[in-house]
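Asks: the following block contains a protein sequence and its predicted model.
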Amino acid sequence: MNYTIETIGLVKRYPTSAKSGAVGPDGRPKVRGVSTGIFSALRSSKGPFIEALRGVDLQIKSGEIFGILGPNGAGKTTLIKILCTLVLRDGGEVYVNGHDPSKEPREVLRDLQAVLPESRGFNWRLSGRQNLEFYALLYGLTGAEAKERIDYLLDFTGLRERADDGYQRYSTGMQRRLLLCRALVRDTSIIVFDEPTTGLDPTGAAEFRDLLIDRLARREGKTILLSTHNLQEAQELCDRIAILDRGRVIACDTPDNVRHLVTERRTLRVAFSGVAFEEDQHRLLFGLGEVAGVHGVSPVLGQEGALVGLSIDIEKDVDLTRVLDLMTGSGLNIKSVNTEEPSLEDAFIAMTGREATGRGKTWTEGGA
Amino acid sequence: MRVPIALKQIIAFTKRDFLSWTTYRTAVLTQVIGIFIAVFSWGVSATYVQKPVAEMYSSDYISFLIVGLAVGNLIMPLAQGVERQLNPWTLETIFMTGVSTPVFVIGNVMWTYIFSAISFIPYLVLGTYLFHAQLNPNMLSTFLAFLISVAILMGLAMISTGLRIVTKSTDPITWAVNVLQNLFAGILFPVVFLDTIFFQGASTLSWFLPQTWVYHLCRLAMLTDASIADPVIQLTFLKGALFALILLPIGYKVFLWGVNKAKREGTLGWY
């Protein structure tokens, strides 16, 4: 099968020594000039190196929304920039619609455009429309084609009314939408997003996600590759995801399957409204522990030590009939029953031994 | 005595900037050397200002200076045009459009050049009417001189840009060429005067600088009515053209090398 994007054993190393000075300890490019001289910058990079990508294999199909997840430093941006022809790989193979980004950059860029968060290239003194017209010319569109395409994109992203305002007057969200317009000017079949909602407020981020799914993917049928460390976002948006950790793909499947890749268990949470005799409670807890597929039972106690609920660790396919029978038989009234599936965060922690932080469930650490 | 907090804060800012400045060791060195050379260049000019420019152009000093100023204004911005576009992340954005290297370079200097060309005429008009500069141009030679000059400076611009993409700072070659041109390229005085100031044969060094040929060819064409039919002029123009022929492909290679090195090291976004 031919894939829209395919990487085979992709390897990328960055020099880390002060002499070559290309990449700082956090994996980001290092600012020249601090403790490094310009002559050393001109020398060839002989290492030592850090490996940003260590044999990445990915296959992305046409029309998919494919997410690359991982903490900072996992290699997401490096992978994206290799696809965008902006970084040269050190090993392995990469194909974008059958073209090698390092050997056929023009062919690749005819099929692929990207929205990179730190991307500049807009003139602050020009209007949004004028900036887009500049890029339309670079892409080789005629005046009429450019006008038609730009009008469409300004409508598409809701920027039409502010199109003739200076770029410097644009809010962060508008700037991000203009970036999207620029990436879409050429109307390529593949769009790549690196951290698409970083810096956007919750409303802006939600609008951007709608734009991505409803319009680009579903209506226009584009292949979308996005990198994110926002787990919720990946779960909402992506048909398939790959989890990247320290330059390796440690999981690649649908978000649901990835969540169950590591753990086949889920949590059953039961709330009671009545009060049972203490002896019945003990019998219930003992009985639940004996049911096949139940791995642990934790009582939830209310004020005065009364049993008000249970948290039961069960296997994914356990028969719940026996569990519920035991509960009703103990004289307790069941108020609610909920099952909690393992989250992507749970899966990641289980796979890497590292925890996500913060309410937004984003990973922190390292940066290529 | 207590030092006011405001003063302490000012000192903190100053100390920070001083320490930062000292970390740019090469830049510090180039700045210091640049000061010496600038002072020396003006000193040499000052001693020469009353003398005729007969040795080389059979002209007067004011005409010599006006043409030099006009040519410098017309052509020299070419060498800086591309560098001015090197802002963080812009290169990535532009390269994602798939533009070729020549288009990138020419595209980024074109407006600078058009603007310079427009402002070239006022320089000459003001110089002629207000300061009585006397021009004696040969149109064909002037055209050829400009063509060769543009090619030379485009080559230098590409070399400079390619190196800056890698160093993210001043590159040693451009710095050396720019500093040396003040003294050796004949901007403020004819290069033959270097033989008088330094030692016999010192002006020979000047002819290894591309900028010397830029100024020399333009002055020959605009001050001496140099006819391209004259074999001596032909040879002079051929020597200038040789610089262009050498610098253009070198510039192209250096630019590509710089871009590829930055792509390998993942630092293209930083310019």
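Replies: Happy to help now that I have it.
Asks: is the closest residue to chain A within chain B in a helix, a strand, or coil?
Replies: Chain A sits closest to residue B:93 of chain B, with a gap of 3.0 Å, by Cβ to the nearest Cβ. Heads up, the C-betas are built off the backbone N, CA and C, glycines and all. In three-state terms, and counting by DSSP: H, G, I helix; E, B strand; the rest coil, residue B:93 is helix.
Asks: partners of residue A:115 in the sheet?
Replies: residue A:193 (DSSP bridges).
Asks: so it sits against residue A:178, correct?
Replies: No. Counting by Cβ atoms under 8 Å, residue A:115 sits too far from residue A:178 to count as a contact (10.0 Å).
Asks: just give the closest residue to the residue of chain B closest to chain A, not the sequence neighbours.
Replies: Among residues not flanking residue B:93 along the chain, residue A:121 sits closest, at 3.0 Å (Cβ to Cβ, 6 or more residues apart in numbering or on different chains).
Asks: likewise for residue B:266?
Replies: Distances taken as Cβ to Cβ, 6+ apart put residue A:87 closest to residue B:266, at 5.1 Å, once the chain neighbours are dropped.
Asks: give me the neighbour count for the one you found.
Replies: The local packing of residue A:87 (other Cβ atoms under 10 Å in any protein chain shown) involves 29 other residues.
Asks: which stretch of helix or strand covers it?
Replies: Using DSSP states H and E, residue A:87 maps to neither a helix nor a strand.
Asks: in chain A, which spans are strands?
Replies: Counting by DSSP state E, the segments of chain A that form strands are A:5-15, A:49-60, A:65-69, A:91-96, A:112-115, A:190-194, A:223-228, A:240-245, A:248-253, A:265-272, A:294-301, A:307-315, A:334-340.
Asks: and if you look at chain B?
Replies: Going by DSSP E, chain B shows no strands.
Asks: regarding it, what is its longest helix?
Replies: Looking across chain B with DSSP state H, the single longest helix is helix B:231-265.
Asks: do it and chain A come into contact?
Replies: Yes. Counting by Cβ under 8 Å from any Cβ of the partner chain, chain A has neighbours in helix B:231-265: B:260, B:261, B:263, B:264, B:265.
Asks: buried residues, that helix. List them.
Replies: The neighbour-count check on helix B:231-265 (16 or more other Cβ atoms under 10 Å in any protein chain shown) flags B:233, B:236-237, B:240-241, B:243-244, B:247-248, B:251-252, B:254-255, B:257-265 as buried.
Asks: quick one: residue A:211 from residue A:158, how far?
Replies: When distance is defined by Cβ to Cβ, to the nearest Å, residue A:211 is 9 Å away from residue A:158.
Asks: neighbour count: those two, which is higher?
Replies: It is residue A:211, of residue A:211 and residue A:158, that has more neighbours when counted by other Cβ under 10 Å, with 17 against 13.
Asks: which ones are touching that one?
Replies: Applying Cβ atoms under 8 Å, 6 or more residues apart in numbering or on different chains to residue A:211 gives the contacts A:156, A:157, A:180.
Asks: so residue A:245 sits against residue A:351, correct?
Replies: Yes. In this structure, residue A:245 is within contact of residue A:351 by Cβ under 8 Å, at 7.3 Å.
Asks: among the two, which residue is more densely surrounded?
Replies: residue A:245 (21 against 16).
Asks: which residue packs closest to residue A:264, ignoring adjacent ones?
Replies: residue A:316 (4.6 Å).
Asks: what's the burial count for that neighbour?
Replies: Quick note: residue A:316 (other Cβ under 10 Å) scores 13 neighbours.
Asks: okay, it: pLDDT?
Replies: pLDDT for residue A:316: 76.
Asks: tell me who's in contact with it.
Replies: When contacts are counted by Cβ under 8 Å, 6+ apart, residue A:316 touches A:260, A:264, A:265, A:266.
Asks: tally of neighbours for residue 266?
Replies: Just going to use chain A. For residue A:266, the count of nearby residues is 19 (other Cβ under 10 Å).
Asks: meant chain B, my bad for not saying
Replies: 26.
Asks: let me see the backbone angles for it.
Replies: phi 70, psi 30 (degrees, to the nearest 10).
Asks: and it, how far from residue A:249?
Replies: Taking Cβ to Cβ as the measure, residue B:266 falls 20 Å from residue A:249.
Asks: nearest residue to residue A:49 other than its sequence neighbours?
Replies: Among residues not flanking residue A:49 along the chain, residue A:13 sits closest, at 3.9 Å (Cβ to Cβ, 6+ apart).
Asks: dig out what the one you found forms beta bridges with.
Replies: Applying DSSP bridges, one finds that residue A:13 bridges with residue A:51.
Asks: hmm, back to that, possible to save the contacts of residue A:316 as TSV with pLDDT?
Replies: Below are the contacts of residue A:316 laid out as TSV (pLDDT from 0 to 100):
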residue	pLDDT
A:260	76
A:264	70
A:265	75
A:266	80
